[in-house]
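Asker: here you go, sequence then predicted model.
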Amino acid sequence: MSREKTSTVRWSSRLSYVLAATGAAVGLGNIWKFPYIMGENGGGAFVLVYLACILLIGIPIMMGEVMIGKFGRQTPARSARLLADASGARKGWSAVGWFGVLTGFLILSFYVVIAGWALAYTYYGFIGSFSGQDADQIAALFSDLNSEPSRLMGWSFLLLAATVLVVGNGVRDGLERAVNGMMPVLFVLLVIMVIYAYQRGNFEEAYQFMFNADFSKLSWKGVLVALGHSFFTLSLASGIMTMYGAYLPDGTSLVKTSLWIAFMDTLVAILAGLAIYPIVFGNGLEPGAGPGLIFMTLPIAFGEMPFGQLFGGLFFLMLVVAAFTSALALIESSVAWLVERHGFGRMKAALLAGGAIWVVSQLTIFSLTGASWAEFQLGSKTVTLFDGIDYLTSSIMLPLGGLMIALFVGRVVTRDISVRTLATSPLVYKVWRLCVRYIAPVAVVLVFLQQLGLFSL
Ligand code: PHE
Ligand code: NA
């Protein structure tokens, strides 16, 4: 089996890198969360603010992360340490790297369970479980899935096992090959779903809902939601972009590819809205249904629509593909770290990382099934360990990690090195530096304080 040395591994082409990083970025955040928060926060006006956040904060931080990997050509902690060394800074800045890897590890522990839902629903869709079911019956399907630990374990295990197998086969032979094969499938499925929604749903109303820019509907809270999501959706601060950046082919522009990745991620989010909302409006369903939108609302529509069995299955298959390519990315830096640190072969490292994630994923599984040991009291509220991990990663570790990255690449790394590693025009460099030194840190601190509930808007 391949015993790859991180420093010598490269994606085989610029396109392969862009597809892999787009696969990492595109996930549940695009297909479920973005359409929903966009509707809740004023539609078109929210979209404009979100685009500005992607451009001024998300993309510059992404470039910073890729820069660390491209400079070090090692796993994130080592790369950050090499970069700190070269800049004459403290070794402690390697925290920028390992903090991200830790965040990614924790995110994956619940991501596989949620992706397991999608896998279960793909099966339900294709065997016709939604056909002719009313809202209560569809809700029962969902609660049945979440009432039995062995059921959740089974679906999430399948997903995790597939993740381990692919990543265990190496970066080029496993990861790259799988993602290069799956991303076109994802795009085709998405286009098929948009066409289906256009023909069978209420496209006009969905279009109004999504693109009517009414700024009076946008609150400051909505602005912060846009900012926070721009971060999550690009998979920043989770070790991914630094790890994938370490495999960047020589001579590939880090700036141009980052722009492509962010563009594709945004495109998928918007197309997902155009696939979901026409069906929601066309069937008189509730657009602001939140977490239930995809798993409890949409299946009702598929159960009633012509060819709903086929397209319901395809919709969830699309979700599985999107989540799977993110899962592959989330495990990669842990696997590469085990290889680098302990000299294991890739498959052994992948099995170990997968095993560890499997253990931690039980916390989420038992939270969902309502086991009493997985719940605790927080003041008067009962929260689960899953809620806790979700909050810790999304609301604390991601913004904190992003802040560290912005400060590190913008203020610690010497200008010389960042000019050389970014390798772009003086004007683009200037804008990038302004963003990572000033705009991003201020914005991230604001989101952070808001998420901690230190001020309410
Ligand atoms: N970007 C992914 C999405 O949009 C979520 C994610 C965040 C995945 C961080 C990996 C790491 O669903
Ligand atoms: Na995303």
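Answerer: Done, it's in. Ligands and ions are numbered 1, 2, ... in the order given.
Asker: list the contacts of residue 138.
Answerer: Contacts here follow C-beta atoms under 8 Å, 6 or more residues apart in numbering; on that basis residue 138 touches 130, 296, 299, 300, 303. Any C-beta I mention is one placed from the backbone N, CA and C, and that applies to glycine too.
Asker: need the phi and psi values for it.
Answerer: Its backbone dihedrals place residue 138 at phi -70, psi -40, with angles given as degrees, to the nearest 10.
Asker: now swap in the one 5 residues further on and tell me
Answerer: Its backbone dihedrals place residue 143 at phi -70, psi -30, with angles given as degrees, to the nearest 10.
Asker: before we move on, the earlier item: switch the contacts of residue 138 over to JSON lines; also include pLDDT, secondary structure and neighbour count.
Answerer: Below are these laid out as JSON lines (pLDDT from 0 to 100; DSSP: H, G, I helix; E, B strand; the rest coil; neighbours: other C-beta atoms under 10 Å):
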{"residue": "130", "pLDDT": "97", "secondary structure": "coil", "neighbour count": "24"}
{"residue": "296", "pLDDT": "84", "secondary structure": "helix", "neighbour count": "20"}
{"residue": "299", "pLDDT": "95", "secondary structure": "helix", "neighbour count": "27"}
{"residue": "300", "pLDDT": "92", "secondary structure": "helix", "neighbour count": "23"}
{"residue": "303", "pLDDT": "95", "secondary structure": "helix", "neighbour count": "22"}
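Asker: closest one of those residues to ligand 1?
Answerer: When these are compared for distance to ligand 1 (C-beta to the nearest ligand atom), residue 296 wins out at 19.3 Å.
Asker: any idea which element residue 142 lies in?
Answerer: helix 135-145 (DSSP states H and E).
Asker: is ligand 1 within reach of the host helix or strand of residue 314?
Answerer: With elements taken from DSSP H and E, the one containing residue 314 is helix 308-342. Yes. Figure legend: helix 308-342 in contact with ligand 1 (C-beta under 6 Å from any ligand atom); contacting residues 326, 330.
Asker: does that helix reach ligand 2?
Answerer: No. Between helix 308-342 and ligand 2, judged by C-beta under 5 Å from the ion, nothing touches; the nearest distance is 7.8 Å.
Asker: after that helix, which helix or strand is next? Please name it.
Answerer: helix 346-368.
Asker: could you give the angle of that next one to helix 135-145?
Answerer: Going by axes from the mean of the first three to the mean of the last three C-alpha atoms, to 10 degrees, helix 346-368 is angled at 130 degrees with respect to helix 135-145.
Asker: quick one: mean pLDDT over helix 346-368.
Answerer: Average pLDDT, helix 346-368: 97.
Asker: what comes up buried for whatever helix or strand comes next after it?
Answerer: Stepping forward along the backbone from helix 346-368, the first helix or strand reached (DSSP H and E) is strand 375-378. Across strand 375-378, burial judged by 16 or more other C-beta atoms under 10 Å covers residue 375.
Asker: with only the CA atoms kept, save the helix or strand just after strand 375-378 in CSV.
Answerer: Sequence-wise, the next helix or strand downstream of strand 375-378 (DSSP H and E) is strand 381-384. Extracted in CSV, the C-alpha atoms of strand 381-384 (Å, rounded to 0.1, in the frame of the first residue of the first chain):
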residue,chain,number,x,y,z
LYS,A,381,-32.4,24.1,29.3
THR,A,382,-31.7,20.4,28.5
VAL,A,383,-29.0,20.2,25.8
THR,A,384,-27.5,17.1,24.3
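Asker: sorry, back to before: quick one: buried residues of the helix holding residue 142?
Answerer: Of the residues in helix 135-145, those scored as buried under the neighbour-count criterion (16+ other C-beta under 10 Å) are 138, 139, 141, 142, 145.
Asker: just stretch 11-29 next, same as before
Answerer: Within stretch 11-29, the residues that qualify as buried by neighbour count (16+ other C-beta under 10 Å) are 11, 14, 16-29.
Asker: out of the residues you listed, which are inside helices?
Answerer: When DSSP state H is applied, these are split such that 14, 16, 17, 18, 19, 20, 21, 22, 23, 24, 25, 28 fall in helices.
Asker: filter those residues by proximity to ligand 2?
Answerer: Of the entries in those, the ones placed beside ligand 2 under the rule of C-beta under 5 Å from the ion are residue 25.
Asker: which parts of the stretch 201-350 of the chain sit against ligand 2?
Answerer: Selection of the stretch 201-350 of the chain residues close to ligand 2 by C-beta under 5 Å from the ion yields 233, 265.
Asker: got the contact list for the worst-scoring helix or strand of the chain on mean pLDDT?
Answerer: Of all the helices and strands that make up the chain, the one with the lowest confidence by mean pLDDT, DSSP states H and E is helix 292; it has a mean of 70. Outside helix 292, the residues that touch it by C-beta under 8 Å, 6+ apart are 139, 142.
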